[in-house]
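>>> Dropping the sequence and predicted coords here.
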Amino acid sequence: MNAPHTRTRYADPLQAPGTEERLWPALPEARLPRGGRVVVAAAHPDDEVLGFGGAISLLAGAGSDLTVVAVTDGEGSHPAARAVTPAAMARRRAEERRAALRELGAPDAGIVRLGVPDTRVARHERAVARALAPLLPGAALLAA
């Protein structure tokens, strides 16, 4: 789907420019726990940082015990790339995640990698739910 303000059609919608910030809906401020264990689940590497990075920083500053669940390793993010293999892409994305968490003040966040094939999450929904279940008891928050 192309952003509503563009007229250009893109063969790959992921290459289209994003929605201008002025068009974003206003969301209410979420109440975050003041400490405790927090689980952040993301389908692809960088989703946790782009979608929840500010909250991760606040939670880390409040002393929360953070666990980031990486459902995929992001190995399929650039299928036409010839200069990097899917395995190398997965390693790079894992390194970028760790670097981003350090920048956000959460260098000690635990990372659980589920290894679901990139672009195949819907086919593994039950397995993802089974993997998340033992991480949730006693958690103050699950952000997904």
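Ah, there it is. Here the structure is a predicted model, which means the values were calculated and not measured. Numbers count the residues shown, from 1 in each chain.

>>> What is the burial count for residue 76?
15 (other CB atoms under 10 Å). In this view, the C-beta of every residue, glycine as well, is placed from N, C-alpha and C.

>>> who's in contact with the residue lying closest to it once chain neighbours are set aside?
Closest residue to residue 76 apart from its sequence neighbours, by CB to CB, 6 or more residues apart in numbering: residue 118 at 3.3 Å. If you count contacts by CB atoms under 8 Å, 6 or more residues apart in numbering, residue 118 has them with 44, 72-77, 86.

>>> With residue 39 instead?
Per CB under 8 Å, 6+ apart, neighbours of residue 39: 67, 69, 132, 135-136, 139, 141-143.

>>> can you do 6 Å?
Counting by CB atoms under 6 Å, 6 or more residues apart in numbering, residue 39 makes contact with 67, 135, 139, 142.

>>> so it is in which element?
Per DSSP states H and E: residue 39 is located in strand 37-42.

>>> With just CA atoms, put the helix or strand where residue 87 lies into CSV.
Applying DSSP H and E as the criterion places residue 87 in helix 86-103. C-alpha atoms of helix 86-103 as CSV (Å, rounded to 0.1, in the frame of the first residue of the first chain):
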residue,chain,number,x,y,z
PRO,A,86,20.8,-14.5,4.2
ALA,A,87,23.0,-15.9,7.1
ALA,A,88,25.3,-12.9,6.9
MET,A,89,22.2,-10.6,6.9
ALA,A,90,20.8,-12.3,10.0
ARG,A,91,24.2,-11.8,11.8
ARG,A,92,24.3,-8.2,10.8
ARG,A,93,20.8,-7.5,11.9
ALA,A,94,21.5,-9.2,15.3
GLU,A,95,24.6,-7.0,15.7
GLU,A,96,22.5,-3.9,14.8
ARG,A,97,19.8,-4.9,17.4
ARG,A,98,22.4,-5.2,20.1
ALA,A,99,24.0,-1.9,19.2
ALA,A,100,20.6,-0.2,19.2
LEU,A,101,19.8,-1.6,22.6
ARG,A,102,23.1,-0.3,23.9
GLU,A,103,22.2,3.2,22.6
